[in-house]
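> Test case, fold it:
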Amino acid sequence: MSTEVSAVFCLLLASIVASIMGQDCTQPCVCPSEPAPCAFGTSLVLDDCGCCKVCARQLGEPCSLREPCDHHKMLYCDYSVLSDTEAGICMAQEGQTCDLGGVVYRSGETFQPSCKHQCMCMDGEIGCVATCASHVRLPSLDCPYPRRIQIPGKCCEEWVCDQTPVENPYHSAMSARDNCVVQTTEWSECSGTCGMGVSSRVTNDNERCQLERQTRVCMIRPCGADQEKEIKKGKKCVRTPKAQTGVRFELSGCHSVRLYKPKFCGACTDGRCCTPLATVTAEVEFRCPEGDTFRKRMMFIRSCACHHRCPRDNDIFLAPSTRRMTGDYDRGV
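Below you'll find the predicted structure:
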């Protein structure tokens, strides 16, 4: 099906849905030259009329064909809640809840455990991103000697510009990097035992030799895979099976541009569990249905180990890392 035919089909389908719901998609598209900036953690998506890019509505907010729900967070517009209007309410697709420190969050719900992190629950898994910028500001004519300070009452540090070279943080950063004793923690356990999850580490391997938290997405095994069928006769475990065909990773409704044949951790029939032993971290490019692309660090498994020290807590903040990976390194990041 050509792109033009697909576009006509989508518009026709939207018109049919609109007529059923009492909404009109037949009016000419009038879109701003530049889409409005969306709140942090809110997706910029194409409306269901195939007309304009808009900020997606979030869990519990009113929605319509012109104001769609955030499908990247598995939300949909439920028109049965408000039966006497043309709008609906954004609801989460059925999924497992998340428990963080005794607080239960619904699948698709976003929350902030601290002012420096924005998190989301998606089908039993918690993923978080930093809300404070971590970039290094280089000297410029209008700001020759930048440095960051903590302002009382504000969460994130802010940049200020000194006019004298006495306390030049750029030079300090250079000397700090030259004299830096690099300290990097092990990557934490993946937040999900199957499907996409998140792991993190703390390192000072940067220009300013300052500790920062890094994250990467991870997949220990696909959900729903019956790996016990792959266990050979006479064996109790399959340790590190490899995908037989190329797969595209999916993250928040977006798919990896490339096909991969990743290794996964297997399963056992004697009560043991298999977790990553040696991994490599590389960047993966994802493309979203709207055409936008982004890159994420991702864990690739080289080998797994089967043992009885099975993880019990699926909380990426509270679960301690009880096992060390012996061969983890970065590639292309």
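
> CA only for contacts and neighbour counts going forward, please
Will do.

> so how many other residues sit close to the closest residue to Ile89 other than its chain neighbours?
In space, not counting the residues next to it along the chain, Ile89 is nearest to Pro62; the distance is 4.5 Å by Cα to Cα, 6 or more residues apart in numbering. Neighbours of Pro62 under the rule other Cα atoms under 10 Å: 19.

> From Ser252, how far off is Pro62?
In this structure, Pro62 lies at 21 Å from Ser252, with Cα to Cα, to the nearest Å as the measure.

> and if you look at Glu94?
Distance of Glu94 to Ser252, given as Cα to Cα: 16 Å.

> just Val103 next, same as before
When Cα to Cα is applied, the distance between Val103 and Ser252 equals 23 Å.

> In terms of neighbours, single out the busier of those two.
In terms of neighbours (other Cα under 10 Å), Ser252 is the more surrounded of Val103 and Ser252; the figures are 15 against 7.

> Contact partners for that one?
For Ser252, the contact set (Cα atoms under 8 Å, 6 or more residues apart in numbering) comprises 71-74.

> same question, Arg106
The contact partners of Arg106, taken as Cα under 8 Å, 6+ apart, are 92, 95-98, 121-122.

> Just checking, which helix or strand of this structure averages the lowest pLDDT?
Here the helix or strand of the chain ranked lowest by mean pLDDT, DSSP states H and E is helix 3-21, holding a mean of 43.

> re the thing from before, most neighbours of all the contacts of Ser252, which one?
Counting neighbours by other Cα under 10 Å, Lys73 leads the contacts of Ser252 with 25 neighbours.

> can I assume Ala56 is in contact with Pro68?
Yes - proximity of Ala56 to Pro68 meets the contact threshold set by Cα atoms under 8 Å, at 5.7 Å.

> wait, Cys132 sits on Cys156?
Yes - counting by Cα under 8 Å, Cys132 touches Cys156, with 5.6 Å between them.

> Who has more neighbours out of those two?
Counting neighbours by other Cα under 10 Å for Cys132 and for Cys156 shows that Cys156 has the greater number, 17 against 14.

> SS state for the more buried one?
State at Cys156, reduced to three classes by DSSP: H, G, I helix; E, B strand; the rest coil: coil.

> Look up the pLDDT of it for me, please.
Reading off the confidence values, Cys156 has pLDDT 85.

> so what's it up against?
Shown here is Cys156, whose contacts under the criterion Cα under 8 Å, 6+ apart are 116, 132-133, 150.

> one more time with 10 Å, if that's ok
Cys156 makes contacts with 115-116, 131-134, 148-150, as judged by Cα atoms under 10 Å, 6 or more residues apart in numbering.
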